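S.K.: I'll drop the sequence and a predicted model, then ask my questions.
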Amino acid sequence: MALSPHEIGKRIRAVREQLSMPVSSVAGALNVNEATVLALENGQLDPIPGDYILIVSKLLETDFRYFISTDLDETEDRTRQIFRSLKAPNANDAFAIRRFVAMCVSERDLEVLLSVERRNLPSQYPKQTDSSRLHKEQGPIAARQERDRLRLGTLPIENIFQHIRSQGIRLFRHSLEDANLSGVTVVHPIAGVCMLINYDEDLYRQFFSAAHEYAHVLFDRNELNNTGCVLSYKYSNEELVELRANRFAAEFLFPIQALNKYSRPQKIDGLVELIGRIARDYHVNTAVVVQQMRQAKWITQRTLNSFFENRPITIKSSEKSDPEIPTDLTEAQSRRWIAAIEKGVTSYYLELLRRARTEEQITFGRFSEMLGLSVESAHDFVREAGIAL
């Protein structure tokens, strides 16, 4: 249903205030004075120039359709639900979440346009035989069952992000200022189950956060459907569902049984060296390795405590490789990819965009808009990132 100028203005004001954006910023984007913006928000501009809606929607990281019809009202309700759940909301993270939700919808639109079929979500855990087990036991049990289902054995997971996407889940990463917020999982009325991972975390921590959020999808489907979202904060083992998700993530990324591949060292120096080797092999931080060693009774609680007190080994950031960044890029191309990933763009999303453009399903202007760039910046990005259009 088309909206009146009064309702359009009301919606623009509500989103602007939610993002703590001053009227002057909207005026600058529209190249008008503040009185004109206030007239727009008060419903006094009739008719509203068409490009005003497009410019404002881009500025506010909101699909323009929300400002002209009721088609995306459920999407906006879900976005506000996430904001209400945040412990420490700020304007930049609000922008990031709005961008995340918009990209989830855009990805779904591209799949429909290109007739890309999405896989159904995995079955919900725990299985019937596990229903009486405690949360801390359910996590590892489900992780082993999930590895069996996917025929992973004890192999390392080379790209946890792509693996999760292959299970019917939309996954994006984005820089978040709240350093304690690791991930957000949303059941979106249009886009389905969507996951946001904090890109500002250590890379191996991002892998762990992704596996942690995957556990919420597997275990907490009812809560997700009822509340719309689950937010995961660091060090939240006090909550049983978070403890279960952490235990799942550790076992899913580095199964205890994989220790059988390695010789158990007799001396502390050999133990430290082995911890580093396993962490690199399985793309997990050393804390995960020693906790799994403790679960397998390879080390004592005293040794575990000593490790956390002294941290004898950590894996440097320079030794960690982001699986989302192609390995054959020039330095300039890598910088472009990193800048894009920081703002939510994924290799999968970019490939959908590339296909839609080369098959002439969308204009280059729409291509640019769905990347969140101006046409000029999009041309630069395509050239510098080495994308074939």
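M.R.: Yep, that arrived. Numbering: from 1, shown residues only.

S.K.: Flag the shaky bits of the protein, pLDDT-wise.
M.R.: For the chain, residues meeting the criterion pLDDT under 70 lie at 1, 127-133, 235-238.

S.K.: Try it again at 80.
M.R.: 1-2, 50, 88-89, 126-136, 234-239, 385-386 (pLDDT under 80).

S.K.: Would you mind giving the domain segments of it?
M.R.: 1-71, 74-253, 260-319, 331-385 (automatic domain parsing).

S.K.: Would you pull up how far stretch 20-37 lies from the middle of the chain?
M.R.: From the chain centre to the centre of stretch 20-37 is a distance of 31 Å (Cα atoms, centre = their mean, to the nearest Å).

S.K.: What lies in contact with that stretch?
M.R.: 12, 16, 38, 45, 52, 55-56, 59-60, 91, 94 (Cβ atoms under 8 Å, 6 or more residues apart in numbering). Heads up, the C-betas are built off the backbone N, CA and C, glycines and all.

S.K.: would you turn the domains of the chain into a markdown table with distance to Ile325 and mean neighbour count?
M.R.: Supplementary listing: the domains of the chain in a markdown table, determined by distance: least, Cβ to Cβ, whole Å; neighbours: other Cβ atoms under 10 Å:
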| stretch | distance to Ile325 | mean neighbour count |
| --- | --- | --- |
| domain 1-71 | 24 | 16 |
| domain 74-253 | 11 | 18 |
| domain 260-319 | 14 | 15 |
| domain 331-385 | 5 | 17 |
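
S.K.: helix/strand/coil for the spatially most central residue of the chain?
M.R.: Nearest residue to the geometric centre of the chain (Cα atoms, centre = their mean): Leu196, 2.0 Å. Of the three states, Leu196 takes strand according to DSSP: H, G, I helix; E, B strand; the rest coil.

S.K.: go on, Arg244?
M.R.: Under three-state DSSP, the three-state class of Arg244 is helix.

S.K.: Distance of it relative to Leu150?
M.R.: 19 Å (Cβ to Cβ, to the nearest Å).

S.K.: Same question for Ser377.
M.R.: Relative to Leu150, and taking Cβ to Cβ, Ser377 is found at 39 Å.

S.K.: other SSEs contacting the helix or strand Arg144 falls within?
M.R.: Assessed by DSSP states H and E, Arg144 sits inside helix 135-149. Counting contacts by 3 or more Cβ pairs under 8 Å, 6 or more residues apart in numbering; DSSP states H and E, helix 135-149 packs against helix 203-219, helix 240-253.

S.K.: and Thr286, which of these is closest to it?
M.R.: Nearest to Thr286 among the helices and strands packed on helix 135-149 is helix 203-219 (9.1 Å), distances taken as Cβ to Cβ.

S.K.: Packing partners of the very next helix or strand once past that closest one?
M.R.: Following helix 203-219 in sequence order, the next helix or strand is helix 221-227 (DSSP H and E). If contacts are counted by 3+ Cβ pairs under 8 Å, 6+ apart, helix 221-227 sits against strand 181-188.

S.K.: Quick check: can you name the pairing partners of the strand it packs on and their directions?
M.R.: strand 192-198 (antiparallel), strand 229-233 (antiparallel) (DSSP bridges).

S.K.: now the last one and helix 203-219, what's the angle there?
M.R.: Spelled out, it's strand 229-233. In terms of direction (axes from the mean of the first three to the mean of the last three Cα atoms, to 10 degrees), strand 229-233 departs from helix 203-219 by 140 degrees.

S.K.: related to what we said a few turns ago, could you check how far the helix holding Arg144 is from the centre of its chain?
M.R.: Mean-position distance between helix 135-149 and its chain equals 22 Å (Cα atoms, centre = their mean).

S.K.: Phi first, then psi, for the nearest residue to Leu259 once chain neighbours are set aside.
M.R.: The spatially closest residue to Leu259, leaving aside those adjacent along the chain, is Ala296, at 5.5 Å (Cβ to Cβ, 6 or more residues apart in numbering). Dihedral pair for Ala296: phi -90, psi 0, per degrees, to the nearest 10.

S.K.: gap between the two ends of stretch 57-76?
M.R.: Using Cα to Cα, to the nearest Å, the end-to-end distance of stretch 57-76 comes to 13 Å.

S.K.: List of residues touching it?
M.R.: Stretch 57-76 is contacted from outside by 1-3, 8, 11-12, 15-16, 19, 21, 25-26, 29, 53-54, 56, 95, 98-99, 101-102, 105, 188-190, 369, 372, using Cβ under 8 Å, 6+ apart.

S.K.: Check the offset of it from the chain's centre.
M.R.: Centroid displacement of stretch 57-76 relative to its chain, using Cα atoms, centre = their mean, is 21 Å.

S.K.: now swap in stretch 261-278 and tell me
M.R.: Centroid separation for stretch 261-278 versus its chain: 34 Å, with Cα atoms, centre = their mean.

S.K.: rewinding a little: to Glu384, which of the helices and strands packed on helix 135-149 lies closest?
M.R.: Nearest of these (Cβ to Cβ): helix 203-219, 22.8 Å.

S.K.: who does that closest one touch, helix- and strand-wise?
M.R.: For helix 203-219, the elements it packs on are helix 135-149, helix 160-165, strand 181-188, strand 192-198, strand 229-233, helix 240-253, judged by 3+ Cβ pairs under 8 Å, 6+ apart.

S.K.: would you list those in TSV and tack on distance to Leu259?
M.R.: As requested, those are exported to TSV (distance: least, Cβ to Cβ, whole Å):
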stretch	distance to Leu259
helix 135-149	13
helix 160-165	20
strand 181-188	26
strand 192-198	27
strand 229-233	27
helix 240-253	12
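
S.K.: Quick check: which of those is nearest to Phe83?
M.R.: Closest among the helices and strands packed on helix 203-219, using Cβ to Cβ: strand 229-233, at 9.9 Å.
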